[in-house]
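In: how would this look folded up:
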Amino acid sequence: MAAEKKSRWMTVLKVILWLIVLSFAISFIISLFVEDDFESLDGNVAVIEITGTIVAQDGSYLFEDVASSDEITKLIRKAGKNDRIKAIVFEINSPGGSAVASDEIAAEIKKVNKTTVAWIREIGTSGAYWIASSTDHVVANRMSITGSIGVIASYLGFEGFIEEHNITYNRLISGKYKDLGSPFKEITPEERVLFEKSLGSINDYFIDEVAKNRNLNRKDVERLATGQFYLGVDALNLGLVDELGSKDEVKKYIEKQIDGEVDFVNYKTEKGFLGALSGVMSQNSFFIGKGIGNAFFTQAEKPQTISITT
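Out: Sure thing, here's the model as predicted:
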């Protein structure tokens, strides 16, 4: 009886395993046909969301929304090529992020030969504002947070921890500044000057783009580029946004531009089952299983990982 019962359980287990494999296969086949099929969508105004931290490459972030420039520029190009799409709305709720990613998205927006509108709902600061400024028209909620024109670079320093625990940092480099930004040693005055010079250059790019995009005097933008954020109502008075309001104001503006009715359609990348699964199984996600301490020291093993954001 025991052998017979064991045999039945093995049969059930095999069936379950085959069903799992079959579901993977079906999901894969379906994803080949439905992924990024925007041309079949109805509507004449594309809505592209820019939510969360702006990053260059798409990846897995289980507990944080991110806006990938790879994905967003892809959506912009698809909307731009669709003859039925007359305008593109960028629904922004982001504090900014990568300077490179923000610049890439802003540059792609400028290539579009269609009406573009940025709608700042709650927050559109730093790199997110850089992106918003590249559109034809910026609408912001009167209580939204905008601006924050500036650049920040940061990294964790463990030099005190190393000294306290009598750990040696062996510095073997072939170039004077090869370990610039290493968290295992204190930054020197000379290195700080180099850092700040690079940040200054990025900040100049930021100011130049905002001044050009918003048709403002560069000196005026320089005075605003303190990193300070502004409420939507203040941003309007400073020339950083064109109008206060909600999606209704966005719709009215576009209707005037295209001389017709507006029918919004959301443009977004549907990753499907396999895409979501592959995201969960990425390297970043494994940090949860390894524990916070393990993740901490895994990051520390990358001494030249410096965060530069707008």
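In: drop to CA atoms for contacts and neighbour counts, all remaining ones
Out: Will do.
In: for Lys268, helix, strand, or coil?
Out: coil (DSSP: H, G, I helix; E, B strand; the rest coil).
In: On the pLDDT front, check it for me.
Out: If you check Lys268, the pLDDT there is 85.
In: quick one: it and Lys74 touch, right?
Out: No: Lys268 lies out of contact with Lys74 (C-alpha atoms under 8 Å); the separation is 9.6 Å.
In: residue contacts, Thr53?
Out: 65-67, 94-97 (C-alpha atoms under 8 Å, 6 or more residues apart in numbering).
In: Can I have the buried ones of those residues as a PyMOL selection?
Out: Per 16 or more other C-alpha atoms under 10 Å, the buried members of the contacts of Thr53 correspond to this PyMOL selection:
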select buried, resi 66+67+94+95+96+97
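In: in the helix or strand harbouring Glu255, what's buried?
Out: Assessed by DSSP states H and E, Glu255 sits inside helix 247-258. Across helix 247-258, burial judged by 16+ other C-alpha under 10 Å covers 247, 250-251, 253-254.
In: Put together TSV for these, with distance to Lys14 and pLDDT on each row.
Out: Converted to TSV, these look like this (distance: C-alpha to C-alpha, whole Å; pLDDT from 0 to 100):
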residue	distance to Lys14	pLDDT
Lys247	53	95
Val250	56	97
Lys251	55	97
Tyr253	60	97
Ile254	57	97
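In: from those residues, which is closest to Glu163?
Out: When the buried residues of helix 247-258 are compared for distance to Glu163 (C-alpha to C-alpha), Lys247 comes out closest, at 55.5 Å.
In: Can you report phi and psi for the residue nearest to the closest one when sequence neighbours are not counted?
Out: The shortest distance from Lys247 to any non-neighbouring residue, by C-alpha to C-alpha, 6 or more residues apart in numbering, is to Trp119 (7.4 Å). The phi/psi pair for Trp119 (degrees, to the nearest 10) reads phi -120, psi 100.
In: Report pLDDT for Trp119.
Out: Looking at Trp119, its pLDDT stands at 98.
In: What segments of the protein are helices?
Out: 2-34, 69-81, 99-111, 127-133, 159-164, 189-213, 218-224, 232-238, 247-258, 272-280, 283-290, 292-300 (DSSP state H).
In: now for the fourth one, which elements pack on it?
Out: Applying 3 or more C-alpha pairs under 8 Å, 6 or more residues apart in numbering; DSSP states H and E, one finds that helix 127-133 makes contact with strand 87-94, helix 99-111, strand 115-125, helix 189-213.
In: Select, out of these, the one closest to Gly181.
Out: helix 189-213 (8.3 Å).
In: List the contacts of the closest one.
Out: Under the criterion C-alpha under 8 Å, 6+ apart, residues 99, 130, 133-135, 149-153, 177, 180, 216-218, 221-222, 225 lie in contact with helix 189-213.
In: Could you pull out the buried residues of it?
Out: Using 16+ other C-alpha under 10 Å as the test for burial, helix 189-213 gives 199, 202-204, 206-211, 213.
In: same question, stretch 137-157
Out: Neighbour-count burial for stretch 137-157 flags 137-152, 157 (criterion: 16+ other C-alpha under 10 Å).
In: So which of these belong to strands?
Out: Among the buried residues of stretch 137-157, the ones falling in strands (DSSP state E) are 137-140, 145-147, 152.
In: Could you dump these into CSV and include pLDDT and distance to Ser126?
Out: Formatted as CSV, these follow (pLDDT from 0 to 100; distance: C-alpha to C-alpha, whole Å):
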residue, pLDDT, distance to Ser126
His137, 98, 17
Val138, 98, 15
Val139, 98, 16
Ala140, 97, 15
Ile145, 95, 10
Thr146, 95, 8
Gly147, 92, 6
Ile152, 75, 10
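In: Those: which two are farthest apart?
Out: So, these by C-alpha to C-alpha: farthest apart are His137 and Ile152, at 27.1 Å.
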